[in-house]
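Asks: After the sequence you'll find the predicted model.
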Amino acid sequence: MNSSTKSVALVGIVLTVGLYAGVARSDDAAIIDARQTVMKSQGKDLSAIKAYIDDKADLASAQTAGADLVTQVAKIPEQFPKGTGMDAYPGKSYVKPAVWTEWDKFSDQAKTASDKAVALNTALKGGDKAAITAAFGDMGKNGCGACHEPFREKKPS
């Protein structure tokens, strides 16, 4: 192979690798956006439930939010593929590396959050405001909060 053929081949390889890396980065950015959408949806659901607890919304709205919360929380593990954390995407992702270095702990916590969401939804279906309030507090502390604390970096103000 002559030197110009080698140069063309090398340029082709570099372009192919560069394009692949660009596609991977683009896919990762889409994954991060999807993850943030799921998390924001959970926040909206919790806000709707809190509005009911605070006598600012009706039970039916809270029940709709509770059912959606169960669906959204169940999506958590699939929203965290490797390579989509704050180390690779500073300022875009606030997911700590511990998600992947402690995957079993993260998965267990995601399961706990899912169980807490189901319990909250069950309380909402029952309509007992005291039970709803207790389940809401448990979801916040032992569902969302127990995961955010070790696995999510706080966003700068």
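Replies: Sure thing, it's come through.
Asks: What does residue 89 show for phi and psi?
Replies: The phi/psi pair for residue 89 (degrees, to the nearest 10) reads phi -130, psi 60.
Asks: ok, and the closest non-adjacent residue to it?
Replies: Using C-beta to C-beta, 6 or more residues apart in numbering and skipping the chain neighbours, the partner closest in space to residue 89 is residue 32 (6.1 Å). Yep, even glycine has a C-beta here, placed from its N, CA and C like the rest.
Asks: Just after the host helix or strand of the one you found, pick out the following helix or strand.
Replies: In this structure, residue 32 sits in helix 3-53 according to DSSP states H and E. Counting by DSSP H and E, the next helix or strand C-terminal to helix 3-53 is helix 59-74.
Asks: just checking, what packs against that next one?
Replies: helix 3-53, helix 103-126 (3 or more C-beta pairs under 8 Å, 6 or more residues apart in numbering; DSSP states H and E).
Asks: Select from these the stretch with the lowest mean pLDDT.
Replies: Among those, helix 3-53 carries the lowest mean pLDDT, a mean of 72.
Asks: In contact with the closest residue to residue 126 other than its chain neighbours, which residues are there?
Replies: Once flanking residues are discounted, residue 126 sits nearest to residue 132: 7.9 Å by C-beta to C-beta, 6+ apart. Residue 132 sits next to 49, 52-53, 62, 120, 123-124, 126 when contact means C-beta atoms under 8 Å, 6 or more residues apart in numbering.
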